[in-house]
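**Q** build me a model:
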Amino acid sequence: MISRAVTLQFILLLSYFPFNCSSEDFIFNGFKQAGNQLILAGSTKMTTDGLLQLTDDTTGILGHAFFSSPIPMIIPNKNVSEVISFSTSFILDILTVNKAGGHGLTFAITPSKQLPGADVADYLGLLGPSNNGNISNHIFAVEFDHVKTTVQLNEANANHVGVDINSVKSNASQNAAYYTNQNSKVEFQLESGQPIQAWINYNGTNK
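**A** Predicted coordinates for the structure are as follows:
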């Protein structure tokens with residue numbers, strides 16, 4: 001969810017693994033074959049070459065794309081409910097327009113495809129001033145953000161990845177970077193106009 005010039009490219013893969021070791025997954029090798037599996041809202045559209053474009057060069061807009069069917073993330077348990085483990089990988093591309101772009105985008109798990117009160121800019125199209133920080137949101141997100149806001153949102157810098165729970169004030173935030181095979185950390189710019197592959201893995205047992 002974003003506020004200007006972002007595309008999701010090539011592959012979107014999500015796998016989730018309940019405690020009984022069964023698994024379910026889906027993969028999009030480009031989005032042309034996604035059909036009615038995706039619900040698009042706001043400025044989001046499918047391009048002719050199979051990319052998912054969330055926004056364009058219009059100021060102050062946002063776009064959403066959700067998987068159309070609910071995915072069970074909680075396993076009922078006699079004592080306490082368990083959250084499943086999941087893994088996702090996708091390629092994103094954040095473009096600048098006239099030397100400026102939007103704030104970024106999020107990969108989000110939400111209880112609904114509707115996001116009432118969602119706002120642009122600092123709120124990344126996910127939340128808004130009326131509900132940011134409410135524990136009733138039940139929202140988990142990983143943000144790819146290339147603007148450091150004037151509001152205190154626990155941002156590492158103007159080019160960071162953050163983990164958000166019920167708020168765009170991140171629970172954790174780190175400079176955008178990757179690790180080489182030699183375990184060296186290499187920082188890079190999110191707003192580069194280049195394809196970036198992201199992985200998000202969550203271990204429901206270790207939390």
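**Q** can you pull out the low-pLDDT segments for this protein?
**A** Counting by pLDDT under 70, the chain shows low-confidence ranges at 1-24, 78, 98-102, 149-156.
**Q** which one is the residue sitting nearest the centre point of the chain nearest to, not counting chain neighbours?
**A** With distances taken as C-alpha atoms, centre = their mean, the residue of the chain nearest its centroid is F107 (1.3 Å). Leaving aside its sequence neighbours, F107 sits nearest to V142 (C-beta to C-beta, 6 or more residues apart in numbering; 4.8 Å). Just so you know, the C-beta spots here come from the backbone N, C-alpha and C atoms, and that holds for glycine as well.
**Q** can you tell me the element that neighbour falls in?
**A** Assigned by DSSP states H and E, V142 belongs to strand 140-145.
**Q** list the helices and strands that strand packs on?
**A** Secondary-structure packing of strand 140-145 (3 or more C-beta pairs under 8 Å, 6 or more residues apart in numbering; DSSP states H and E): strand 104-109, strand 160-165, strand 196-202.
**Q** distance from the chain centre to the last one, please.
**A** Computed by C-alpha atoms, centre = their mean, to the nearest Å, the separation of strand 196-202 from the middle of its chain amounts to 10 Å.
**Q** before we move on, what about the first one?
**A** The chain centroid and the centroid of strand 104-109 are separated by 2 Å, computed with C-alpha atoms, centre = their mean.
**Q** check which helices and strands it sits against.
**A** Judged by 3+ C-beta pairs under 8 Å, 6+ apart, strand 104-109 is in contact with strand 85-94, strand 140-145.
**Q** quick one: closest of those to G30.
**A** strand 85-94 (10.3 Å; C-beta to C-beta).
**Q** now the angle from that closest one to strand 104-109?
**A** Here the directions of strand 85-94 and strand 104-109 differ by 160 degrees (axes from the mean of the first three to the mean of the last three C-alpha atoms, to 10 degrees).
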